[in-house]
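Peer 1: quick one: sequence and predicted model below, then my questions.
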Amino acid sequence: MDPSERPAVVFDNGTGYSKLGFAGNSEPSFTIPTVVAVNESFLDQSEQCSSANWLAQYNAGVMADLDFFIGDEALSHFKSSGLYSLRSPIRHGQVNDWDTMERFWQQSIFNYLRCNPEEHYFLLTDSPVSTPESRECMGEIMFETFNVPGLYISVQSVLSLSAGFAYLKSLSEEDSEDSVSDMTGVVVDIGDGAPHIVPVVNGYVIGSSIKSFPLSGSDVTQFVMQLLQERGELLPPDDALDIARRVKETYCYTPSDIVKEFKKHDSKPSKYIKQWSAIKPKTGVPYTIDVGYERFLGPEIFFHPEMYSADFSTPLPELIDSCVQSAPIDTRRALYKNIVLSGGTTMFKDFHKRLQNNIKKIVDERVAETNAHHRVEVKPVEVNVVTHPIQSYAVWFGGSVAASSHEFFECCHTKEDYEEHGASICRTSTVFKGMY
């Protein structure tokens, strides 16, 4: 069967989690941590073998290549056995260990999706600030190691924007008449690492206006753990970070006013303080911790980053406003009108409301100042922050929608192209060509 007649494989590899699945599905088949557990005892054995005993050295190297796990299995083997070490192939949104990344893709294809890579086209996602050399390495591994018939590397922010539009359009019975602004908006992508604010106009990324925010979901987890420990809660050292992550995902929310939130908690502590109960893994002793101010102070670092880091004090709403203001002037109203959230860290309760109110306040103050100083009547600027239930896997969903179209196979780099021109065909991305 022709590979173009089979559903394409969609991989969205993030710093914290990876989403794996087939094009045409509404949800990824697997969402697993982006970690690999490697048995380094075989590597040590290979190094200790004498050069004369080449066969033992070779066998040890082969076993080291075969004995590894990914995702939740990797975390389980790392905790239960001292033989495995944990490796994260992606740091701050960029692949920094290609050997580990190749192992992760290998297990994802053969053990999770259980498909033959030679029979499916592949869509991989990439950071908007990644280097051409990174995309070149992706293409080389996919074509050389897995022998895929076709590959397309898409920018995550564009897929997030298309995912939000496709989802909201599916809920609406009436089609939007404004087709120009369908793929125009600001994507606020906050995951476990390397958040980016990316303006997209008519499907093309304005590269010069991309902004980076230094705090991510992992920083929220660290801050929640720090607050719990400073308050005297006895967290098991081995599981402290995992407990903080679970507390963050279960209880944290974004308040409209942090001062009022403190007063509410102080006036009725029994109503707002939650309890987290678990069992210590080593001793089996049950324990309970109280979760109080941490519920709203964790997400607050996006609006008051100086609470967590003294090196950065620009709030997220101001950075988004700065991103839009650096874009071409004729696109700004459309960008303010469609601010799309993406990533699991944007799923906090009322996060979008707080973000929209703060950005609206900044924009209204600028309009009022312009009217007062220049004695002109500037029309109010509409600010709209778009939220939907698929924010946590919006990038993957956008990839699934894109790879389901017939045009997708025409845009892919094929195996024949790779053999003729080499991995350099993957260096450029078409979504940047409209602005450069």
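Peer 2: Cool, the structure landed.
Peer 1: where does this protein have low pLDDT?
Peer 2: 41-66, 171-181, 430-436 (pLDDT under 70).
Peer 1: quick one, domains of it?
Peer 2: 37-72+81-87, 177-214+314-391, 217-302 (automatic domain parsing).
Peer 1: straight-line length of the last one, end to end?
Peer 2: This stretch, domain 217-302, spans 10 Å end to end (Cα to Cα, to the nearest Å).
Peer 1: helix/strand/coil for the residue lying closest to residue 409 once chain neighbours are set aside?
Peer 2: Nearest in space to residue 409, with sequence neighbours left out and distances taken as Cβ to Cβ, 6 or more residues apart in numbering, is residue 4 at 4.6 Å. Where you see a C-beta, it was placed from the backbone N, CA and C, and this is true even at glycine. Following DSSP: H, G, I helix; E, B strand; the rest coil, residue 4 is assigned to helix.
Peer 1: what is the burial count for residue 4?
Peer 2: Neighbour count of residue 4, defined by other Cβ atoms under 10 Å: 15.
Peer 1: now it: how far from residue 91?
Peer 2: Going from residue 4 to residue 91 by Cβ to Cβ, to the nearest Å gives 35 Å.
Peer 1: ok, back up a step: turn the domains of the chain into CSV, columns for mean neighbour count and distance to residue 416.
Peer 2: Shown next, in CSV, are the domains of the chain (neighbours: other Cβ atoms under 10 Å; distance: least, Cβ to Cβ, whole Å):
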stretch, mean neighbour count, distance to residue 416
domain 37-72+81-87, 15, 30
domain 177-214+314-391, 18, 27
domain 217-302, 16, 41
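Peer 1: now the ones you listed in TSV, with distance to residue 10?
Peer 2: Shown next, in TSV, are those (distance: least, Cβ to Cβ, whole Å):
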stretch	distance to residue 10
domain 37-72+81-87	17
domain 177-214+314-391	14
domain 217-302	22
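Peer 1: quick one on the thing from earlier: need the contact list for the residue nearest to residue 409.
Peer 2: Contact analysis of residue 4 by Cβ atoms under 8 Å, 6 or more residues apart in numbering lists 121, 150, 409.
Peer 1: likewise residue 92?
Peer 2: Each residue near residue 92 by Cβ under 8 Å, 6+ apart is listed here: 15, 193-194.
Peer 1: do that again at 6 Å, thanks
Peer 2: Contacts for residue 92 (Cβ atoms under 6 Å, 6 or more residues apart in numbering) come out as 193-194.
Peer 1: where do the strands sit along the stretch 51-200 of the chain?
Peer 2: 68-70, 84-87, 90-91, 94-95, 122-126, 150-155, 185-189, 196-201 (DSSP state E, counting those that start in this stretch).
Peer 1: out of the ones you listed, which comes closest to residue 255?
Peer 2: strand 185-189 (19.0 Å; Cβ to Cβ).
Peer 1: what is that closest one packed up against?
Peer 2: helix 156-171, strand 196-201, strand 339-342 (3 or more Cβ pairs under 6 Å, 6 or more residues apart in numbering; DSSP states H and E).
Peer 1: helix or strand right after the last one?
Peer 2: Heading C-terminal from strand 339-342, the first helix or strand you meet, by DSSP states H and E, is helix 351-374.
Peer 1: C-terminal to that following helix, what's the next element?
Peer 2: Scanning forward in sequence from helix 351-374 by DSSP H and E, the next helix or strand is strand 385-386.
Peer 1: in the sheet, which strands lie alongside that following strand, parallel or antiparallel?
Peer 2: Here strand 385-386 has these sheet partners by DSSP bridges: strand 339-342 (parallel).
Peer 1: run through who's touching the partner strand.
Peer 2: With Cβ under 6 Å, 6+ apart, strand 339-342 has contacts from 160-161, 164, 185-189, 385-387, 391, 394.
Peer 1: repeat that with 8 Å
Peer 2: Residues from elsewhere that reach strand 339-342, judged by Cβ under 8 Å, 6+ apart: 156-157, 160-161, 163-164, 185-190, 320, 351-352, 355-356, 359, 383-387, 391, 394-395.
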